[in-house]
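# mind folding the following:
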Amino acid sequence: MTSVIFVCLGNICRSPLCEGIFRALVRQAGIEDRVSCDSAGTGAWHVGNPPDPRSVAVARQNGIDISDLRARQVVFDDFTRFDLVLAMDRNNLRDLRRLGPTSAAARIHLFSDFATGRTADVPDPYYGGPDGFEHVYNMLFTGCASLLEKLRAKTVS
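The predicted model follows:
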(Lines give C-alpha, C1' and ligand atoms only; values in the text may rest on other atoms or scores of the structure.)
Protein backbone atom coordinates (compact mmCIF):
# COMPACT_ATOMS: atom_id res chain seq x y z
CA MET A 1 0.00 0.00 0.00
CA THR A 2 1.30 3.43 -0.98
CA SER A 3 -0.13 6.34 0.99
CA VAL A 4 -0.11 10.01 0.01
CA ILE A 5 -1.14 13.14 1.89
CA PHE A 6 -1.78 16.41 0.06
CA VAL A 7 -1.11 19.57 2.08
CA CYS A 8 -2.06 23.21 1.62
CA LEU A 9 -2.51 26.07 4.06
CA GLY A 10 -6.00 25.60 5.50
CA ASN A 11 -7.17 22.30 3.97
CA ILE A 12 -10.32 23.81 2.48
CA CYS A 13 -9.38 24.63 -1.14
CA ARG A 14 -6.46 22.95 -2.87
CA SER A 15 -5.64 19.89 -0.78
CA PRO A 16 -9.20 18.53 -0.37
CA LEU A 17 -9.77 19.11 -4.09
CA CYS A 18 -6.55 17.23 -4.81
CA GLU A 19 -7.60 14.43 -2.46
CA GLY A 20 -10.95 14.12 -4.22
CA ILE A 21 -9.42 14.07 -7.69
CA PHE A 22 -6.78 11.53 -6.69
CA ARG A 23 -9.32 9.26 -4.96
CA ALA A 24 -11.50 9.33 -8.07
CA LEU A 25 -8.56 8.43 -10.32
CA VAL A 26 -7.45 5.64 -7.96
CA ARG A 27 -11.03 4.30 -7.90
CA GLN A 28 -11.25 4.47 -11.70
CA ALA A 29 -7.98 2.54 -11.95
CA GLY A 30 -9.33 -0.07 -9.52
CA ILE A 31 -6.33 0.11 -7.19
CA GLU A 32 -7.89 1.32 -3.93
CA ASP A 33 -6.29 -1.69 -2.27
CA ARG A 34 -2.82 -0.41 -3.25
CA VAL A 35 -3.04 3.39 -3.04
CA SER A 36 -4.63 5.59 -0.37
CA CYS A 37 -4.68 9.32 0.27
CA ASP A 38 -5.68 12.05 2.68
CA SER A 39 -5.29 15.82 2.93
CA ALA A 40 -4.42 18.33 5.63
CA GLY A 41 -3.40 21.92 6.20
CA THR A 42 -0.38 23.46 7.83
CA GLY A 43 -2.68 25.87 9.67
CA ALA A 44 -5.54 25.19 12.08
CA TRP A 45 -7.96 27.98 11.11
CA HIS A 46 -10.49 25.74 9.39
CA VAL A 47 -10.19 22.46 11.34
CA GLY A 48 -13.50 20.60 11.20
CA ASN A 49 -14.91 22.71 8.37
CA PRO A 50 -16.01 21.36 4.99
CA PRO A 51 -14.13 22.37 1.86
CA ASP A 52 -14.71 25.84 0.43
CA PRO A 53 -18.02 25.83 -1.50
CA ARG A 54 -16.14 26.80 -4.68
CA SER A 55 -13.91 23.70 -4.36
CA VAL A 56 -17.00 21.58 -3.79
CA ALA A 57 -18.65 23.14 -6.85
CA VAL A 58 -15.72 22.66 -9.24
CA ALA A 59 -15.30 19.08 -8.03
CA ARG A 60 -19.02 18.41 -8.53
CA GLN A 61 -18.88 19.92 -12.04
CA ASN A 62 -16.28 17.28 -12.79
CA GLY A 63 -18.20 14.37 -11.25
CA ILE A 64 -16.39 14.30 -7.89
CA ASP A 65 -18.02 14.73 -4.48
CA ILE A 66 -15.77 16.19 -1.78
CA SER A 67 -18.56 17.61 0.39
CA ASP A 68 -18.01 15.00 3.12
CA LEU A 69 -14.34 15.93 3.68
CA ARG A 70 -13.42 17.96 6.76
CA ALA A 71 -10.35 20.11 7.27
CA ARG A 72 -7.65 18.95 9.60
CA GLN A 73 -4.18 20.12 10.49
CA VAL A 74 -1.04 18.13 9.76
CA VAL A 75 0.09 16.17 12.81
CA PHE A 76 3.52 14.75 13.58
CA ASP A 77 2.40 11.16 12.87
CA ASP A 78 1.54 12.12 9.28
CA PHE A 79 5.25 12.29 8.50
CA THR A 80 5.67 8.59 9.25
CA ARG A 81 2.18 7.37 8.37
CA PHE A 82 2.34 8.54 4.74
CA ASP A 83 4.85 7.47 2.10
CA LEU A 84 4.53 10.84 0.35
CA VAL A 85 3.80 14.25 1.84
CA LEU A 86 3.02 16.58 -1.06
CA ALA A 87 2.82 20.35 -0.54
CA MET A 88 0.72 22.52 -2.82
CA ASP A 89 3.22 25.39 -2.79
CA ARG A 90 6.75 26.28 -1.69
CA ASN A 91 5.57 28.03 1.49
CA ASN A 92 3.77 24.88 2.62
CA LEU A 93 6.80 22.83 1.59
CA ARG A 94 9.04 24.98 3.79
CA ASP A 95 6.60 24.67 6.71
CA LEU A 96 6.34 20.89 6.30
CA ARG A 97 10.13 20.53 6.28
CA ARG A 98 10.27 22.60 9.45
CA LEU A 99 7.46 20.66 11.17
CA GLY A 100 8.53 17.16 10.20
CA PRO A 101 11.36 15.07 11.57
CA THR A 102 14.60 15.03 9.58
CA SER A 103 13.97 11.33 8.95
CA ALA A 104 10.93 12.31 6.84
CA ALA A 105 12.79 14.71 4.53
CA ALA A 106 12.83 12.23 1.63
CA ARG A 107 9.01 11.89 1.83
CA ILE A 108 8.24 15.63 1.61
CA HIS A 109 7.95 17.16 -1.87
CA LEU A 110 6.35 19.95 -3.83
CA PHE A 111 3.26 18.41 -5.48
CA SER A 112 3.87 19.72 -9.01
CA ASP A 113 7.57 18.96 -8.91
CA PHE A 114 7.05 15.38 -7.75
CA ALA A 115 3.99 14.67 -9.90
CA THR A 116 4.95 16.33 -13.19
CA GLY A 117 8.60 17.31 -12.87
CA ARG A 118 7.66 21.00 -13.18
CA THR A 119 8.53 23.14 -10.19
CA ALA A 120 5.39 25.24 -9.86
CA ASP A 121 3.18 26.29 -7.00
CA VAL A 122 -0.49 25.36 -7.16
CA PRO A 123 -1.92 28.86 -6.55
CA ASP A 124 -4.27 29.41 -3.65
CA PRO A 125 -7.64 30.32 -5.23
CA TYR A 126 -9.24 31.38 -1.91
CA TYR A 127 -9.31 35.13 -2.58
CA GLY A 128 -10.35 34.83 -6.24
CA GLY A 129 -13.40 33.80 -8.16
CA PRO A 130 -14.67 30.53 -9.63
CA ASP A 131 -12.29 30.70 -12.61
CA GLY A 132 -9.34 30.42 -10.20
CA PHE A 133 -10.82 27.23 -8.79
CA GLU A 134 -11.27 25.84 -12.30
CA HIS A 135 -7.62 26.65 -13.08
CA VAL A 136 -6.50 24.93 -9.87
CA TYR A 137 -8.71 21.92 -10.65
CA ASN A 138 -7.05 21.54 -14.04
CA MET A 139 -3.56 21.79 -12.54
CA LEU A 140 -4.42 19.26 -9.85
CA PHE A 141 -6.05 16.85 -12.29
CA THR A 142 -2.98 16.88 -14.53
CA GLY A 143 -0.69 16.39 -11.54
CA CYS A 144 -2.83 13.63 -10.01
CA ALA A 145 -2.99 11.72 -13.30
CA SER A 146 0.79 11.92 -13.61
CA LEU A 147 1.29 10.97 -9.96
CA LEU A 148 -0.98 7.95 -10.36
CA GLU A 149 1.00 6.76 -13.38
CA LYS A 150 4.26 7.10 -11.41
CA LEU A 151 2.83 5.14 -8.50
CA ARG A 152 1.37 2.45 -10.77
CA ALA A 153 4.74 2.02 -12.47
CA LYS A 154 6.39 1.73 -9.06
CA THR A 155 3.95 -0.90 -7.79
CA VAL A 156 4.18 -2.94 -10.98
CA SER A 157 7.98 -3.06 -11.08
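
# contacts, neighbours, all on C-alpha from now
Fine.

# buried ones in the worst-scoring helix or strand of the chain on mean pLDDT, by neighbour count?
Counting by mean pLDDT, DSSP states H and E, the weakest-scoring helix or strand in the chain turns out to be helix 130-156, with a mean of 92. Judged by neighbour count using 16 or more other CA atoms under 10 Å, the buried positions of helix 130-156 are 130, 132-134, 136-137, 139-141, 143-148, 152.

# nearest to Ser36, of those residues?
Closest approach between the buried residues of helix 130-156 and Ser36, by CA to CA: Leu148, at 10.9 Å.

# contacting residues for Val35?
Met1, Thr2, Ser3, Val4, Val26 (CA atoms under 8 Å, 6 or more residues apart in numbering).

# if I look at it, how far off is Ala71?
Distance from Val35 to Ala71, counting by CA to CA, to the nearest Å: 21 Å.

# Pro130 now?
On the measure of CA to CA, Pro130 and Ala71 end up 20 Å apart.

# residues contacting the closest residue to Gly143 other than its chain neighbours?
With sequence-adjacent residues excluded and distances taken as CA to CA, 6 or more residues apart in numbering, Gly143 is closest to Ala115, at 5.2 Å. With contact set as CA under 8 Å, 6+ apart, Ala115 has these partners: Gly143, Cys144, Ser146, Leu147, Lys150.

# doesn't Ala115 belong to a helix?
Yes: counting by DSSP: H, G, I helix; E, B strand; the rest coil, Ala115 falls inside a helix.

# check which helix or strand the closest residue to Ile108 other than its chain neighbours maps to.
Counting by CA to CA, 6+ apart, Ile108 lies nearest to Val85, which is 4.7 Å off, once chain neighbours are set aside. Using DSSP states H and E, Val85 sits within strand 84-87.
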